[in-house]
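Chemist: Structure for this input, please:
(chains A and B)
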Number of protein chains: 2
Amino acid sequence: MTTQNLDAIAARAAEIAPRWAATPPHERAKALVAAADALMAAQSDLVATAMEETGLSEARLSGELKRTAVQLKLFAETVVDGTYLDVRIDDADPDFVLGVRPDVRRYRIPVGPVLNFAASNFPFAFSVAGGDTAAALAAGCPVIVKAHSGHPRLSVQTADVVATALESAGAPKGTLQLISGQQAGVDMLNDPRIKAGSFTGSIRVGRMLADIAAARPTPIPFYGELGSVNPVFVTQAALEENADGILDGFITSVSGSAGQLCTKPGFLFAPAGSALAEGIASRAASVAEHRLLNPGITSGYQSRRDAVLSAPGVRVLAEGVLRIDEDGQGWATPTVVSVPVNVLREHREALLDESFGPLSIVVEYDDADELAAVAEDLFEGNLTGTVHAATGEDSPAVRHLVDWISRSAGRVLFGGWPTGVAVTPAMQHGGPWPATTNDSSTSVGTAAITRFTRPVAYQNAPQEMLPEPLRDDNPWGVPQHRTPAGESRNWGSVA
Amino acid sequence: MTTQNLDAIAARAAEIAPRWAATPPHERAKALVAAADALMAAQSDLVATAMEETGLSEARLSGELKRTAVQLKLFAETVVDGTYLDVRIDDADPDFVLGVRPDVRRYRIPVGPVLNFAASNFPFAFSVAGGDTAAALAAGCPVIVKAHSGHPRLSVQTADVVATALESAGAPKGTLQLISGQQAGVDMLNDPRIKAGSFTGSIRVGRMLADIAAARPTPIPFYGELGSVNPVFVTQAALEENADGILDGFITSVSGSAGQLCTKPGFLFAPAGSALAEGIASRAASVAEHRLLNPGITSGYQSRRDAVLSAPGVRVLAEGVLRIDEDGQGWATPTVVSVPVNVLREHREALLDESFGPLSIVVEYDDADELAAVAEDLFEGNLTGTVHAATGEDSPAVRHLVDWISRSAGRVLFGGWPTGVAVTPAMQHGGPWPATTNDSSTSVGTAAITRFTRPVAYQNAPQEMLPEPLRDDNPWGVPQHRTPAGESRNWGSVA
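Modeler: Numbering: from 1, shown residues only, chains lettered A, B, ... in the order given. Below is the predicted model:
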């Protein structure tokens, strides 16, 4: 990686882009499946390196690798299905109300080379072969991944496995390439041959990169998934129905992967005076120490944890452990505090920022009817918001919360926990700023393929000049939405 | 307009946004149709004002008003159809290969208040009640239009007609509001209550506004449609087959609305030595003088025309007229020059910029096989690119041109002319920078509705808590794409 030639890498991606874009869906899908199978075949090596570099558990990493492979297969199905192409065919219409309507046919094409900044906290699923890479490859874009410094050897190993598999399955050499280093990432983002960027990480870095992408002489779309505190709201009735289940789920969700997940619940709103304190303390105490990903994250977590623990009006429910060795590497158990809702509003500067690690804040409220307004006042955009209501509970308070979450987050959960994002066609992983830099699409689930495409229309083209998805004989068998002639004949008032 | 209270206007838009978003599709469609009918009913008044303020012809303006009304009706159909909601329902799947898959349901919701900067050159179709306004209203977003200074009285008249019609049809008061003044536009774009912006105009202003939108504390999507030179390529065989038709079409497309259209063909590539010169001169001479939109456009056109006419190596085919009165208002007939392709490459600084007015450049080429490479070297992104080939002509040169156009423009035309954009489901009016600031969507045609929406997912929601489009009983009757359980059972290699 020390000898990387950024110009040659960008040139290679640009050179092969038309070839990969023109690869028919079954062949592109075959290459994605080959990459998935190769990742699974290399599981023991990859997981071993990942464990060393990230401190995440074997179970978590094996599960994540499988998720990454399944993700590639789901995108292979998406490519073959072809719905994402959004094929629209307007038949020519000599009688159209505005005059002769031409034959117009539109579909979505790959944007070209994509630069994907890998994340620290998902060394497989949001890294070299992760969601954005899979989505971009599926869309027909060559991908350049900027490796995360937290798992450099794993990045090289993964890129080797995937690039070899893609190439063996017929993809052009260079369909997946790897670069490393912050400056290299910035330089590549400024390269005119890069047509879109994606990123998963902090608000600070994500905003810096988004600003660079927007300020280029030729601006490009930049999909950054940044910060989220994922509030969870528990009603009195839910607590009466299922306090143990809620407490178990809460501590599991807060402490899993040492809380280093973008969907970790950062705030749990619960009725004041409820007996949550002991339940949380005892459960948190039983969680084993977990390594934090790296010294940088350790230091950031230490600052946030100190700020929260020393904020006025905070009651410590579970102080937890943060142990830091001489190399700056940390190990932690969950820290949970509680505050009355008014204290949170008063000291929001100290308390509202995301704590990237196993820390969560229980917010005690008196009046459920005020919760939605309180949330609207406190929070910016989030990836998720969750309501725990009792079975059949339907109140204005719950409806107002659901309404607020739908307006300010990408996913509304009823019960359950936001961590463990399902990879499915309907998943939405995104949300208003600062959850993302661009909330028009998703970074998890097969709908993500659209972000790396743009529409192009063909007007009055002879059949033999049309790309396959737009032809009448439809050789790729994709869904075609046709608008027949004659539909405007009865529009009396404007005709 | 002098007493506009920007804060109150933004507050009103934000206040009613949830109500307009929740308006059921048939009611929202009814309001759009009412606005269309009201525009047609006010035709004589509106067209009279537009003629005075813009100098465009009655025929053109009447046609444009009708197009604007039809546009609203097409969007009304789009709303009721509901395909644009992209409803996806994943059934819960206890046997999913990655573990229990929840019930996840996703659709697209309106983003909230939209700020639309009106254009000078389409006082109806890209102005107060134009395409972006129609698309945003259809999506369920309140709209604030920044009036164009070129037609201030028409803007107020149109806003009155449309706002009254919307309100009479049940839309909340303030669903469409108008502001005026450059600083007011910038201030409103910076208002946190504005959730998306759109614009049609120059590269300079569009870039400035896009940069403001990207630099906000909370960045928002900004859809600017800016500059395009719309190259047209004519083969030798096409010229032999239909020289008269091509010449007639070319002069009509260059001179219509005095060339003040974003899709005007700025360059016509024709075989060197062809006898186009006389044909162009005689046709251009028969075009009557047409007023330019306003003194600002007159002055910009004068500079571009002077630069082109004085560039080295330019041969004047039709000098045309540019007459400017003491108020700076201009009248023009077509100016057409020709240059050998190598001269264009040598003097690209003087020649390549868009001339907003009735001026076009014929580029004489010797080798059709080189055209695609020449075009790639010369041009940035465009709204359109056009190939005139003979019936059945299929050559590598034509295929390379088509391929280059599809990679660098939003619409590929085979024969015909890029002006007169059809308003249809398959139309794509957009393209890579500097044609637009964001080429992921369109600003003409019903697909534009998507740009003013974002996705949100509901996980494990009880039926009664779901929005209508996601319910099993589907009260709005929208298309729902369902992913059933059990589909991953046979994925041996990762299971």
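Chemist: In PDB, list the C-alpha atoms belonging to stretch A:329-348.
Modeler: Taking C-alpha atoms only, stretch A:329-348 is exported to PDB below (Å, rounded to 0.1, in the frame of the first residue of the first chain):
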ATOM      1  CA  GLN A 329      -6.200   0.800  24.000                       C
ATOM      2  CA  GLY A 330      -9.400   0.600  26.100                       C
ATOM      3  CA  TRP A 331     -11.600  -2.000  27.500                       C
ATOM      4  CA  ALA A 332     -15.100  -1.200  28.800                       C
ATOM      5  CA  THR A 333     -18.300  -2.400  30.400                       C
ATOM      6  CA  PRO A 334     -21.600  -0.500  30.100                       C
ATOM      7  CA  THR A 335     -22.100   2.900  31.700                       C
ATOM      8  CA  VAL A 336     -25.700   4.000  32.200                       C
ATOM      9  CA  VAL A 337     -26.900   7.200  33.900                       C
ATOM     10  CA  SER A 338     -30.300   8.700  34.400                       C
ATOM     11  CA  VAL A 339     -31.400  12.300  34.200                       C
ATOM     12  CA  PRO A 340     -34.800  14.000  34.600                       C
ATOM     13  CA  VAL A 341     -36.000  15.200  31.300                       C
ATOM     14  CA  ASN A 342     -35.700  18.900  32.400                       C
ATOM     15  CA  VAL A 343     -32.000  18.400  33.300                       C
ATOM     16  CA  LEU A 344     -31.400  17.000  29.800                       C
ATOM     17  CA  ARG A 345     -33.000  20.000  28.300                       C
ATOM     18  CA  GLU A 346     -31.000  22.300  30.500                       C
ATOM     19  CA  HIS A 347     -27.600  20.600  30.000                       C
ATOM     20  CA  ARG A 348     -28.000  19.500  26.400                       C
END
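Chemist: so how far is that stretch from its chain's centroid?
Modeler: Offset of stretch A:329-348 from its chain centre (C-alpha atoms, centre = their mean, to the nearest Å): 25 Å.
Chemist: Now do the buried residues in that stretch.
Modeler: Burial within stretch A:329-348, assessed by neighbour count using 16 or more other C-beta atoms under 10 Å in any protein chain shown, is assigned to A:329-341, A:343-344, A:347. No exception for glycine: its C-beta is placed from N, CA and C like everyone else's.
Chemist: Average pLDDT for that stretch, rounded please.
Modeler: Average pLDDT, stretch A:329-348: 96.
Chemist: swap in stretch A:56-76?
Modeler: Confidence over stretch A:56-76, taken as the mean pLDDT, stands at 96.
Chemist: Tell me how far that stretch lies from the chain's centre.
Modeler: Using C-alpha atoms, centre = their mean, the mean C-alpha position of stretch A:56-76 is found 15 Å from that of the whole chain.
Chemist: Quick one: mean pLDDT over stretch A:145-154.
Modeler: 97.
Chemist: Run the chain-centre distance for that stretch.
Modeler: Worked out by C-alpha atoms, centre = their mean, stretch A:145-154 lies 18 Å from the chain centre.
Chemist: same deal with stretch A:51-59?
Modeler: With C-alpha atoms, centre = their mean as the basis, stretch A:51-59 stands 21 Å off its chain's centre.
Chemist: in it, what's buried?
Modeler: Applying 16+ other C-beta under 10 Å to stretch A:51-59 flags A:51, A:53-57 as buried.
Chemist: Restricted to helices, list these.
Modeler: Judged by DSSP state H, the subset of the buried residues of stretch A:51-59 located in helices is A:51, A:53-54.
Chemist: Any chance of TSV for the residues you listed, columns distance to chain B?
Modeler: Shown next, in TSV, are these (distance: C-beta to the nearest C-beta, whole Å):
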residue	distance to chain B
A:M51	20
A:E53	23
A:T54	20
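Chemist: Using CSV, please lay out these together with distance to B:V374.
Modeler: Putting those into CSV (distance: C-beta to C-beta, whole Å) gives the following:
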residue, distance to B:V374
A:M51, 55
A:E53, 50
A:T54, 51
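Chemist: Can you pull up the most central residue in chain A?
Modeler: Chain A has A:S443 as the residue nearest its centroid, 3.5 Å off, counting by C-alpha atoms, centre = their mean.
Chemist: Next, give phi and psi for it.
Modeler: Dihedral pair for A:S443: phi -110, psi 0, per degrees, to the nearest 10.
Chemist: For it, give its distance to A:G227.
Modeler: Distance of A:S443 to A:G227, given as C-beta to C-beta, to the nearest Å: 14 Å.
Chemist: A:E278 too?
Modeler: Computed as C-beta to C-beta, the A:E278 to A:G227 distance reads 31 Å.
Chemist: Appreciated, that's everything.
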